[in-house]
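> Structure here, sequence nowhere to be found:
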């Protein structure tokens, strides 16, 4: 799996997760639009409830997908897994490469992670995917 981790954070898991699932800052499997479970980053490891693991907040990462996606599609999160976002405001990431029908490369959305972070540092400049 090719990935470029630019920023990661440790979280305490509120439930069991598998590597590659999207996690909220509260440690839950993330779901776009669900209070307290907004997507923050992609789990780098498998983990059990109560364990501390790293999640990738900003960068490029390969992820599995159950539904075909196209280059440039915006994705949201449904219980830890990616799916196409109907509304760009819901976007957690953007498809930067389609590997096959079950795997895509994503550019994780810095603004989404920053906006949902309980202790976000708003001094960072806006994220520019062209800089990655």
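Looks like it came in fine. These figures come from a predicted structure and were not determined experimentally.
> Phi first, then psi, for residue 89.
The phi/psi pair for residue 89 (degrees, to the nearest 10) reads phi -70, psi -20.
> Over to the one 5 residues further on?
When quoted as degrees, to the nearest 10, the phi and psi of residue 94 stand at phi -130, psi 140.
> Could I get the pLDDT score of it?
The model reports residue 94 with a pLDDT of 89.
> what's the host helix or strand of residue 62 packed up against?
Take DSSP states H and E as the rule and residue 62 turns out to sit in strand 52-64. Taking 3 or more Cβ pairs under 8 Å, 6 or more residues apart in numbering; DSSP states H and E as contact, the helices and strands that strand 52-64 lies on are strand 3-12, strand 39-43, strand 103-108, helix 110-116. From N, CA and C alone the C-beta is placed, and that goes for glycine too.
> orientation of the first one relative to strand 52-64 in degrees?
Between strand 3-12 and strand 52-64, the angle formed by their directions is 140 degrees, by axes from the mean of the first three to the mean of the last three Cα atoms, to 10 degrees.
> now the angle from strand 3-12 to strand 103-108?
70 degrees.
> Within the sheet, what are the partner strands of strand 3-12, with directions?
Strand pairing for strand 3-12, using DSSP bridges, gives strand 52-64 (antiparallel).
> what does the average pLDDT come to for the strand it pairs with?
Rounded mean pLDDT across strand 52-64 is 88.
> What of stretch 35-48?
92.
> in it, what counts as buried?
Within stretch 35-48, the residues scored as buried using 16 or more other Cβ atoms under 10 Å are 37, 38, 39, 40, 41, 42, 43, 44, 47.
> how much distance is there from it to the middle of the chain?
Taking Cα atoms, centre = their mean, to the nearest Å, one finds the center of stretch 35-48 at 8 Å from the center of the full chain.
> And that stretch, end to end?
22 Å (Cα to Cα, to the nearest Å).
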